[in-house]
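Peer 1: pasting the structure only:
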């Protein structure tokens, strides 16, 4: 099979779309011969020794430094398309389709699996239309937002969906919209992303404890402070500004607290300014981009993980951020918003606390509740890890995809 994507870890420990690589590598481990096709980018530096799949990249513009699409570079604050998208997109489409045809002639794929409706769903649909192959599309989060940007994109999305054998979504939010686009119920299903519990666990606690102590000193976090950790691209839909707004209220009830907001993005400058305006710089840290190798240390250091996600002003929303799954795999209690695919993963009152988006009062109460109740915090953390082990490992998720592939191939035949 061929997995189409426009985001993939560009180098070892890159934080860009690790869930796509996990999908591909776990499929390969489970006996599926996987070819990944992803656009080239100036920072791409993978070697044959660092992966087991057949990883292929394609050039679509010259010089190389102008290959700016994908890899979280397409949207401004995840709210609007950057202007160069309209110039570069035709070159990407043509090059990707050409490369996909050549790869199919060489490997004779049985199924095409596209991550995101656009651009990859359309790229795959062209090949599948010609060769009558089954096309599976996974919608991750910004799919419908991008599809609604202009009439041409809407047409591309509608045409693509007509060619699909199955559309999977990590969030139930998209299922009604797919129904409105005449995708029948039999061709749409909910399959969440997974997580590798061995990577995100406290099994090697002695090493992680040593690393977390160094990290606490590096970030100048007082020894008596509990740590609230948030992680993701710094864009509006993550709701990090809401977290910053509640911190002064949290401090009134629990002064010994430090918040870490990890990641980088177009909204970082505004968040730092807001932090200064509220006078809470002493209680918040912005470490910037955190490599995949260092993420477990941050989870080990923290006491609570939070992601107060929101629908941004343009209506864009995350599907289900994988960092939530990773936090649960690390045995951490989660405080998040009751939107999109998050309630399908976090069980309110069992593995964490879910609150209404942008509700400062409820978010404050949830954080204070867990900060002041060690027993509840640890109980939620244990239950979260147990849920990961029982239901949400990549091994279990990939079995669902293998069933989808097999059914799609059988229907075509």
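Peer 2: Here it is on my side, so go on. As the structure is a computational prediction, the values presented were derived from the model and not from experiment. Numbers count the residues shown, from 1 in each chain.
Peer 1: ok, now which ones touch residue 260?
Peer 2: Residue 260 is in contact with 219, 227, 228, 229, 230, 284, 285, 287, 298, 301, 302, counting by Cβ atoms under 8 Å, 6 or more residues apart in numbering. In this view, the C-beta of every residue, glycine as well, is placed from N, C-alpha and C.
Peer 1: Please compute how far whichever strand or helix holds it lies from its chain's middle.
Peer 2: Residue 260 belongs to strand 257-262 when assigned by DSSP states H and E. Counting by Cα atoms, centre = their mean, to the nearest Å, strand 257-262 is centred 20 Å from the centre of its parent chain.
Peer 1: Partner strands of the one helix or strand in the chain whose mean pLDDT sits lowest, with direction?
Peer 2: Of the helices and strands making up the chain, the lowest-confidence element is strand 75-76, at a mean of 80, by mean pLDDT, DSSP states H and E. Strand 75-76 has the following strand partners under DSSP bridges: strand 80-81 (antiparallel).
Peer 1: Outside of the helix or strand just after the partner strand itself, list whatever touches it.
Peer 2: Moving toward the C-terminus from strand 80-81, the next helix or strand (DSSP H and E) is helix 84-107. Here helix 84-107 makes contact (Cβ under 8 Å, 6+ apart) with 2, 4, 6, 33, 35, 37, 39, 54, 56, 58-61, 66-69, 74, 109, 112, 119-120, 122-124, 126-127, 131, 133.
Peer 1: now stretch 183-195
Peer 2: Here stretch 183-195 has contacts from 19, 22-23, 26, 138, 161, 164-172, 175, 178-179, 319-320, 322, 325-326, 328-329, 341, 344-345, 388, 392-398, 400-401, 404, using Cβ under 8 Å, 6+ apart.
Peer 1: mind listing the helices for the stretch 301-413 of the chain?
Peer 2: Taking DSSP state H, counting those that start in this stretch to define them, one finds helices in the stretch 301-413 of the chain at 322-329, 360-372, 374-391, 394-412.
Peer 1: Pick the most deeply packed of these.
Peer 2: Mean neighbours per residue, mean count of other Cβ atoms under 10 Å, is largest over these for helix 322-329, with a mean of 27.
Peer 1: That one to helix 374-391, inter-axis angle?
Peer 2: 110 degrees (axes from the mean of the first three to the mean of the last three Cα atoms, to 10 degrees).
Peer 1: For helix 322-329, name the packing helices and strands.
Peer 2: Packing partners of helix 322-329 (3 or more Cβ pairs under 8 Å, 6 or more residues apart in numbering; DSSP states H and E): helix 295-301, strand 304-307, strand 333-337, helix 374-391.
Peer 1: now these as JSON lines including distance to residue 237 and mean pLDDT?
Peer 2: Listed next are these as JSON lines, based on distance: least, Cβ to Cβ, whole Å; pLDDT from 0 to 100:
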{"stretch": "helix 295-301", "distance to residue 237": "20", "mean pLDDT": "95"}
{"stretch": "strand 304-307", "distance to residue 237": "10", "mean pLDDT": "98"}
{"stretch": "strand 333-337", "distance to residue 237": "10", "mean pLDDT": "98"}
{"stretch": "helix 374-391", "distance to residue 237": "23", "mean pLDDT": "97"}
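Peer 1: Figure out which of those is closest to residue 82.
Peer 2: With Cβ to Cβ as the criterion, residue 82 lies closest to strand 304-307 of the helices and strands packed on helix 322-329, at 24.8 Å.
Peer 1: strands paired with the closest one, and their directions?
Peer 2: Counting by DSSP bridges, strand 304-307 is paired with strand 226-231 (parallel), strand 333-337 (parallel).
Peer 1: What count of nearby residues applies to the closest residue to residue 266 other than its chain neighbours?
Peer 2: Once flanking residues are discounted, residue 266 sits nearest to residue 77: 4.7 Å by Cβ to Cβ, 6 or more residues apart in numbering. Around residue 77 there are 18 other residues, counting by other Cβ atoms under 10 Å.
Peer 1: Pull the contacting residues for residue 396.
Peer 2: residue 194.
Peer 1: ok, now how distant is it from residue 53?
Peer 2: Using Cβ to Cβ, to the nearest Å, residue 396 is found at 20 Å from residue 53.
Peer 1: and for stretch 117-131, what are the contacting residues?
Peer 2: So stretch 117-131 is in contact with 2, 4-6, 89, 92-93, 96-97, 100-101, 104, 112-114, 133-135, 137, 139, 143-144, 146-147, 153, 156-157, 159-161, 163-164, 167, going by Cβ under 8 Å, 6+ apart.
Peer 1: how about 7 Å then?
Peer 2: With contact meaning Cβ atoms under 7 Å, 6 or more residues apart in numbering, stretch 117-131 is reached by 4-6, 89, 92-93, 96-97, 100-101, 104, 112, 114, 133-135, 137, 139, 143, 146-147, 153, 156-157, 160, 163.
Peer 1: Just the buried ones from those?
Peer 2: Neighbour counting over these (16 or more other Cβ atoms under 10 Å) leaves 4-6, 89, 92-93, 96-97, 100, 104, 112, 114, 133-135, 137, 139, 143, 146-147, 153, 156-157, 160, 163 as the buried ones.
Peer 1: Show the pLDDT at residue 180.
Peer 2: pLDDT, residue 180: 84.
Peer 1: The one 4 residues further on now?
Peer 2: Residue 184 is assigned a predicted lDDT (pLDDT) of 94.
Peer 1: and stretch 340-347, how far out from the chain's middle?
Peer 2: Centre-to-centre, stretch 340-347 and its host chain are 14 Å apart (Cα atoms, centre = their mean).
Peer 1: which sections of the stretch 201-350 of the chain are below the confidence cut-off?
Peer 2: Residues of the stretch 201-350 of the chain meeting the criterion pLDDT under 70: 201-204.
Peer 1: hmm, who's touching the strand or helix carrying residue 251?
Peer 2: Secondary structure assignment for residue 251, by DSSP H and E: helix 240-253. Outside of helix 240-253, the residues that reach it under the criterion Cβ under 7 Å, 6+ apart are 230, 234, 257, 259, 261, 271, 274-275, 278, 280, 283-284, 306, 308, 310, 358, 360, 363-364, 367-368.
Peer 1: just stretch 61-77 next, same as before
Peer 2: Stretch 61-77 is contacted from outside by 6-7, 10, 16, 39-42, 60, 81-82, 84-85, 88-89, 91-92, 142, 233, 235-236, 266-267, using Cβ under 7 Å, 6+ apart.
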